[in-house]
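Asker: Predicted model and sequence below, questions to follow.
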Amino acid sequence: MQFRLEKRQEPSKFMAYATPVAAVALTMIIGAIIFSLIGYDGVGAVREIFLTPLTNSYKWQDLGVKAAPLIIIGVGLSIAYRANVWNIGAEGQYIVGGLCATGIALLTWGMTGWWILPLMMLAGMAGGMAYASIPALLRTKLKVNEILTSLMLTYASVQLIYFLIRGPWKDPMGIGFPQTRLFSEAARLPTIIPGTIVHLGVPIAVLVAIIAWFIMSKSVFGYRMRVVGAAPHAARYGGFSENKTIWLAMLVSGGLAGLAGMLEIAGPFQRMVPGFPTNYGFTAIIVAFLGRLNPLGVIVAGVVLAITFVGGEVAQTTIGLPNAATGIFQAMMLFFLLAGDILIKYRVRRVMPQTSTEVA
Amino acid sequence: MDASMPHRLELIGITKQFPGVLANDNISFSVRPGEIHALLGENGAGKSTLVKMIYGIMQPDAGEIRWNGERVTIANPKAARALGIGMVFQHFSLFEALTVLENIALGMDAKIPARELEGRIREVMTRYGLLLDPHRTVATLSVGERQRIEIVRALLLDPKLLIMDEPTSVLTPQEVEQLFDVLRKLAAQGCSILYISHKLHEIKALCDTATILRGGKLVDTCDPRQETSRSMAEKMIGGGLKDLVKARDRVFGEPRLHVNGLSMPAPDHFGTALKNVCFTVRAGEIFGIAGVAGNGQNELLLAMDGELPTDPSAIKLGDLPAGAMSPSARRRHGLSSVPEERNGHGAVGVFSLSDNSVLTARERPGMVNMGFINFGAAKTYTRKVIADFSVKALGAGSTAGSLSGGNLQKYIMGREILQRPSVLVVSQPTWGVDAGAAAAIHQAILDLAEAGSAIVVISQDLDELLSLSDTLAVINGGQLSPKMQVGDASIEEIGLLMGGVHGNTEAPDAIPA
Amino acid sequence: MDLTLAIIVTVVGASTPILIAALGELVVERSGVLNLGVEGMMLIGAIAGFVVQFHTGNPYLALLCGAAAGMASSLIFGFLTLSLSANQTATGLALTIFGTGFSALAGSSYSARPVSLMEPLFPAELAAHPVWKVLFSYSFPVYFSFIMVVVIWYFLHKTRAGLILRAVGENDQSAHSIGYSVIGVRYMAVMFGGAMAGLAGACFPLLLTPQWAERMTAGRGWIAVALVVFASWKPFRLLAGAYLFGLVMTMELYAKAGGGVLSIIPSELWAALPYIATIVVLVLISLRRDASTNAPACLGKPFLPSN
């Protein structure tokens, strides 16, 4: 008996939703085996990374706070990737968004007023958009590959943080630490559940995803993104200019990454530090794919990835698993998901050798 | 020919099943040495599947293949070539960025040093009059020249059977004559030729025997010289031919589309520049544009429907300069188009038909409100297209990619025609479409013209243009010939124009060797 | 004179890993596959090379194991994109994420533990005179990278196997219909690219900084990918590109060390310079008229035989 792939007449909707779930499940099973083989407590690692954050209600607020930026960035990336615009520099746009918000916070330091946070939000989004517009400009005017440019800009943006917090923005009271001063009260994101760390960014993330889902599935904008990604020639024939679409995709994904940067700096961080780049921009790539480039799916995927982050920290303290293990689990999830993609367009058929004269 | 000699190729009861289709059902026929044997049939009749099995690309589910009287299993193309079977595909397996020599070297199973190979290539080329520079890059060659590479490649192996798959669909009438000379020369030397075509007059001119397939079954094996074109066509299609209903003495109204001095650089490395293209199409007129593929047809369509912007006054809809308008704006002003490539250009394969209606019909029939799409309206419109143009589909929700070529083309034509365009530009309306669908598409074009639209039909199929259009011009190297009345034009004249001979206005620089 | 010499030696050291990784990626892309996982494969090669060097002290074995580890990781990419025709861009990114995590995990117990650098290939006497030093003071990977430029050029343009590889990258359907194994050729190319990336990664602890540091390749893999575009898929142009970048990175080192005029510019800008230079280089190459015409026609597209 052997197996053969056979093209489906219609892509399978069931498989499109089932494969992400299967990818997570397989990651847990195979991950446990692999980590056991290399000498760690594999089952314990999977339990701590994937289950403890869920069963331990004390960790839920961490989940929300970690999931929020992943969801916001992931939503933006899912829109861009739909249109085949490969913005992989969300981390850089997140950083620049955070820096712009920091700039406002420092300018208004010591002031009070309800307008400071919205202004920071606008500055964060504008910063993310501006940074994303560099690859957009180069791609549309000169056909320079946006993957490479957006990524290179990420590396450059990290240096921009270092430059600012060691130089012009350095905390005068910081006894030499490279960091800015603590934001004043008016530039800090309020918590929405008293006594927890759950800040305003969490409901904003859910809202962003729901609005994005509505726009992507019901509007001409969403149609434009889908058709440009699925068949660029047909899109041009239908009157959707490719360049305009690239701009829109880059601006939306950059703007949302910038927004996430602002929410992080005004929420958990409350000052710019060298550790601000937390790889959310890269992890959100996995979130976008695991969520099947669907904003509602991104919410679920964002929570799943947040679980691995929180769980990774748990496993570090409880069973001494190095933090890097989280990254491996995340990459495995993406590998399994990509491997499963083929089941959407193909079905596996069992072929009995005796009924087939096919010569392979 | 000696009747006692074994058949060069004999097929006995060849059967091939695909999921849902019986592509070949118990096919048996044979080819003698030196015979030119036609394999005749419509698209989807099973010709390609059959020759793929002879050439070892596929294996039959049942039946046997005999070669010089002995039963053989042809496991792969390499085995076929080792037996002495050569094949020239309809879609060339060429590498644009590589040279002629490199392309031929890739097709050789034996490792031959480049210099020796070049010598042998030159020898074959001179013997059969297939002239080419071995060091030119394929991207710079015309379609006819590219076919010569494929033929040379096959001839280098000294084949005993040469399979030609629809070889003339891309050639000018003059190039067709040259090809026939080569094939006759080969046959005279004892090489058998299996000639696949659906062009009846060619088969009558060239072939000794014709095997006709329909729906995977063998209908008849006959002598084409004893048959009329009509009798063979009826065997090929099954039942009587339906004639097109075309009103006589048609009168044309106001000019609807002016193309005036349209020049445009090639959009990319492999494209063709348009040079001062001028024509006018009136209401009710069907204007045909003939030409060999790759002479600027795609660029002309893209310029007309707005996918490539041009000088504003180069294209006018009525009096309105439209050259700089986007495709959407042109559609708003009544210009619709149907591109050559259906899946991926005219429609999105992975989208439902309903979503495909949103692609071009979102504005005229009104499916958009404040930037949001009314999917109910799209579904209603799609159902109407499916019903009015008898598209075989499970419903508005089935994906475009799941439709057959002919049905998808009917859907796209219907989607554009139901928007009542005042100008319709269609490229290759029936390329790869079965006869029934082709007839329906032709009738739809005629009806739209009857209703007063101006229509441009771009086609490589000269027969189609001669039966369909009122006026005709030929495109070559991005230049369009003057417009002529269909009744006044001779095939020979059109053929010369297709080959790049522009009467006395141009030096005959591009006559094929 | 001494400073010039020292600069040349540093430039060569900085350029070599980029050149080796880019040569591998060039072959991969010529076969029609876009593997964006170079950075990840380099990190895997780097940790493998480091661990072997740490335990055995045999740098040749370390290089070999780095290459083997890179090749093994490229097989994950190959299986997903070639056998399962997964999206190449996404799979390449996944490989980079995986490589980053894997190397960090494997290296977590080796931080701040030094190894010895690789010795020069030729005896010190040969490199005694300054002029000879420019030629003979390097270790094996440097000479290897130069030889590979010529070998890959010869392979691609003068051998039948190279012709087949280019054909597969130009038109996979045609290559398939003539009877070549598109998937087989691409597997070979991807594995070669993986081995080269792994070897390039192993050069970091063996040639540049003799210890393990997380993400020690610092985006050099991505620069290698960019260089292939810059070089229009031609090996000799790759040589020029890699040395240009080596020069930029060397200037950064000298700026950090307080090298006179260079220190007027903030060190963060120097650190950002290789990345900004990559963008500038990509812009410059796009201004050429024939910029994209050399790109293999099937680059990045999954191959599914049409019958």
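Answerer: Okay, I see it. Residues are numbered from 1 along each chain as shown, chains lettered A, B, ... in the order given.
Asker: tell me how far the ends of stretch A:4-14 are from each other?
Answerer: 20 Å (CA to CA, to the nearest Å).
Asker: is any part of it close to chain B?
Answerer: Yes. Stretch A:4-14 is in contact with chain B by CB under 8 Å from any CB of the partner chain, via A:6, A:9-11. (C-beta placed from N, C-alpha, C; glycine too.)
Asker: Compare those and tell me which is most surrounded.
Answerer: For these, counting by other CB atoms under 10 Å in any protein chain shown, the largest number of neighbours falls to A:Pro11: 17 neighbours.
Asker: confidence score at it?
Answerer: The pLDDT attached to A:Pro11 in the predicted structure is 79.
Asker: isn't it right up against A:Lys345?
Answerer: Yes. Judged on CB atoms under 8 Å, A:Pro11 makes contact with A:Lys345 at a distance of 5.5 Å.
Asker: which bits of the stretch 401-513 of chain B sit near chain A?
Answerer: With CB under 8 Å from any CB as the criterion, the stretch 401-513 of chain B comes near chain A at residues B:Ser402.
Asker: Pick out the residue in the stretch 401-513 of chain B sitting closest to chain C.
Answerer: In the stretch 401-513 of chain B, the residue that lies nearest chain C is B:Gly401 (13.3 Å; CB to the nearest CB).
Asker: ok, which stretches of chain A are strands?
Answerer: A:2-7, A:346-351 (DSSP state E).
Asker: what residues are up against the spatially most central residue of chain A?
Answerer: The structure's chain A has its C-alpha centroid closest to A:Ala284; by CA atoms, centre = their mean the separation is 1.5 Å. For A:Ala284, the contacting residues are A:69-70, A:73-74, A:77, A:90, A:257, A:302, by CB atoms under 8 Å, 6 or more residues apart in numbering or on different chains.
Asker: what residue ranges in the chain score low on pLDDT?
Answerer: No chain specified, so I'll use chain A. Of all residues in chain A, those with pLDDT under 70 make up the ranges A:1-2, A:351-360.
Asker: think we crossed wires, I meant chain B
Answerer: B:1-4, B:239-249, B:500-513.
Asker: can you count the residues close to residue 125?
Answerer: With no chain named, the answer covers chain A. Neighbours around A:Met125, by other CB under 10 Å: 24.
Asker: try chain C instead
Answerer: Around C:Glu125 there are 9 residues (other CB under 10 Å).
Asker: what's the answer for B:Ala38, then?
Answerer: By other CB under 10 Å, 28 other residues sit near B:Ala38.
Asker: Correct me if wrong, but it is in a strand.
Answerer: Yes. Membership of B:Ala38 in a strand is supported by DSSP: H, G, I helix; E, B strand; the rest coil.
Asker: Run through the bridge partners of it.
Answerer: Beta-bridge pairing for B:Ala38 (DSSP bridges): B:Tyr195, B:Ala210.
Asker: For it, list the residues it contacts.
Answerer: Counting by CB under 8 Å, 6+ apart, the residues that B:Ala38 touches are B:195-197, B:203, B:206-207, B:209-211, B:224.
Asker: Centre-most residue in chain B?
Answerer: Centre-nearest of chain B using CA atoms, centre = their mean is B:Trp431, 4.9 Å out.
Asker: how far away is A:Ala18 from chain C?
Answerer: Distance of A:Ala18 to chain C, computed by CB to the nearest CB, to the nearest Å: 16 Å.
Asker: What is the burial count for that residue?
Answerer: A:Ala18: 14 neighbours (other CB under 10 Å).
Asker: Check chain A for the residue nearest chain B and tell me.
Answerer: Residue of chain A nearest chain B, by CB to the nearest CB: A:Gly239 (3.2 Å).
Asker: Neighbours of the closest residue to that residue other than its chain neighbours, how many?
Answerer: If the residues on either side of it in the chain are set aside, A:Gly239 comes closest to B:Ser328, at 3.2 Å by CB to CB, 6 or more residues apart in numbering or on different chains. Other residues within reach of B:Ser328 by the criterion other CB under 10 Å amount to 15.
Asker: Please report how far B:Ser328 lies from B:Ala361.
Answerer: 11 Å (CB to CB, to the nearest Å).
Asker: low-confidence ranges in the stretch 1-150 of chain C?
Answerer: Counting by pLDDT under 70, the ranges of the stretch 1-150 of chain C that qualify are C:1.
Asker: Spatially, what comes nearest to the one residue in it that gets nearest to chain A if we skip its sequence neighbours?
Answerer: When scored by CB to the nearest CB, the stretch 1-150 of chain C has C:Gly101 as its residue closest to chain A, at 2.6 Å. Spatially, and ignoring its direct neighbours in sequence, C:Gly101 is nearest to A:Gly327 (2.6 Å; CB to CB, 6+ apart).
Asker: give the contact list for that neighbour.
Answerer: So A:Gly327 contacts C:97-98, C:100-102, C:104-105 (CB under 8 Å, 6+ apart).
Asker: Of all the helix elements in the chain, which one is longest?
Answerer: No chain specified, so I'll use chain A. Criterion DSSP state H: the longest helix present in chain A is helix A:116-142.
Asker: wrong chain, I was asking about chain C
Answerer: Under DSSP H, chain C gives helix C:2-30 as its longest helix.
Asker: ok, then the element right after that one?
Answerer: With elements assigned by DSSP states H and E, the helix or strand that comes after helix C:2-30 is helix C:38-56.
Asker: List the buried residues of the helix or strand that that next one is followed by.
Answerer: Downstream of helix C:38-56, the next assigned helix or strand under DSSP H and E is helix C:59-78. Going by neighbour count (16 or more other CB atoms under 10 Å in any protein chain shown), the buried part of helix C:59-78 is C:59, C:62-74, C:76-78.
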